[in-house]
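# Based on what follows, work out the 3D shape:
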Amino acid sequence: MTIRQKLEIIQKTLGLTQTKLAEKFGVSFPAFNSWWTGKSIPRPKMQTAIDELFLEITGQKIIPADQLVAKKQILLKKASEHKKVVAEILANPDIRDQFILKLTYNSNRIEGSTLTEPDTAAILFDNIALPNKSLNEHLEAKNHQAALNYLFDHISNNKNIDEDLILKLHSILMNGIRPDAGAYRNHAVRIIGINLPTANYISIPNLMSEVVAHAALSTKDIIALSAVIHSKFEQIHPFSDGNGRIGRLLINTMLLKTNFAPAIIRQEHKQLYYTYLYKAQTKGDHSQLEDFLCNAVTDGFKILERAD
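A predicted model of the protein is given here:
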């Protein structure tokens, strides 16, 4: 595969302009453009950087086990430095609002919302109705805020992860948007854009019972468990709509129960997230998804510690 072909795949996956991609590699646009047009080739060090990024975004990168263990140990140390993460969030309105904004904006944007982060903040905190945005987008933002508030209170009161919680979060998230809010789907669905079978709707109650019981288990490796549960949940696809958002809320419920900060899965990393999730679902290799979640939780701790 040529340098140009690799760069094209990287650009398409990351959704970057050539100018932004040049910045990512730390080179001038003229230098980058000369690689693109074939007028010159990158130096060996830069070729290595291109190859490594290409492997990463195509799900081929091998995550060394010791590297993943080290990242998890750093997060465990972070968690030990906080008495109770959810209590800190609830006790500090500015931190709570930052989590609500970042989680709501990014999760909805991943699912196709056109709201910008400032748009989302205006709807959530100033109750502004934006004339150029749909009613559904307003509801999606406010409902996600309400779901997070419910989740925070649920964890603060030391309540368990169970099916009632999942169904309640869905009923809040889809309130006023779908008539089947808070209920599992009763029809077949498929995940657009990938060849991945979803569960037969008749088997959803049993499958969800198993997944939720697994999610509630005590573990010394919450990152690994979160990756496994998320990949299973998204493949089951238990709802007619809202599966991605509920799946990410479930991840954060599990993390908060273990005193980790919520994972900030950023919309600009959508394609990487989908690539790693698909690899976990089809290959049984969760290492890249785990590594991705480690980075997302690190971003969460930055908000908690006002370092973001």
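# Surely Q235 touches Y278?
No. Taking Cβ atoms under 8 Å as the definition, Q235 is not a contact partner of Y278, at 9.7 Å. C-betas here are computed from N, CA, C, even on glycine.
# wait, isn't G182 in contact with L167?
Yes. Contact between G182 and L167 holds when scored by Cβ under 8 Å: they sit 5.1 Å apart.
# Just the local confidence number for A199, please.
pLDDT recorded at A199 is 95.
# Same check on G59?
On the pLDDT scale, G59 is placed at 83.
# and it, what does it touch?
Contacts for G59 (Cβ atoms under 8 Å, 6 or more residues apart in numbering) come out as T275, Y276, Y278, K279, Q288.
# where's it relative to Y276, distance?
6 Å (Cβ to Cβ, to the nearest Å).
# Return every residue with contacts to both of the two.
With contacts taken as Cβ under 8 Å, 6+ apart, G59 and Y276 have Q288 as neighbours in common.
# In the stretch 101-250 of the chain, where is pLDDT below threshold?
For the stretch 101-250 of the chain, not a single residue meets the criterion pLDDT under 70.
# Please enumerate the helices of it.
Counting by DSSP state H, counting those that start in this stretch, one finds helices in the stretch 101-250 of the chain at the ranges 117-126, 135-156, 163-173, 204-215, 222-236, 243-257.
# Outline the domain layout of the protein.
Under automatic domain parsing, the residue ranges defining each domain of the chain are 3-57, 65-304.
# okay, these, which one's buried deepest?
Among these, judged by mean count of other Cβ atoms under 10 Å, the one packed with the most neighbours on average is domain 65-304 (a mean of 18).
# How much space separates P131 from E268?
Per Cβ to Cβ, P131 is found 27 Å from E268.
# I meant K102, not that one.
Taken as Cβ to Cβ, the spacing of K102 relative to E268 amounts to 12 Å.
# same question, L207
According to Cβ to Cβ, L207 and E268 sit 32 Å apart.
# and if you look at D94?
If you go by Cβ to Cβ, the gap between D94 and E268 works out to 24 Å.
# C-terminal to the helix or strand harbouring A79, what's the next element?
In this structure, A79 is located in helix 65-80 according to DSSP states H and E. Heading C-terminal from helix 65-80, the first helix or strand you meet, by DSSP H and E, is helix 85-91.
# What is that next one packed up against?
Taking 3 or more Cβ pairs under 8 Å, 6 or more residues apart in numbering; DSSP states H and E as the contact definition, the neighbouring helices and strands of helix 85-91 are helix 93-110, helix 135-156, helix 287-304.
# mind checking how far it is from the chain centre?
Relative to the chain's own centre, helix 85-91 is displaced by 21 Å; criterion: Cα atoms, centre = their mean, to the nearest Å.
# and if you look at stretch 235-251?
For stretch 235-251, the distance between its averaged C-alpha position and the chain's averaged C-alpha position is 11 Å (Cα atoms, centre = their mean).
# likewise stretch 103-123?
Averaged over its C-alpha atoms, stretch 103-123 has a centre that lies 13 Å from its chain's centre (Cα atoms, centre = their mean).
# What lies in contact with stretch 155-170?
Applying Cβ under 8 Å, 6+ apart, the set of residues contacting stretch 155-170 from outside is 86-87, 90, 147, 150-151, 154, 181-184, 208-209, 212, 215-216, 238-239, 242, 246, 249-250, 253-254, 256-257.
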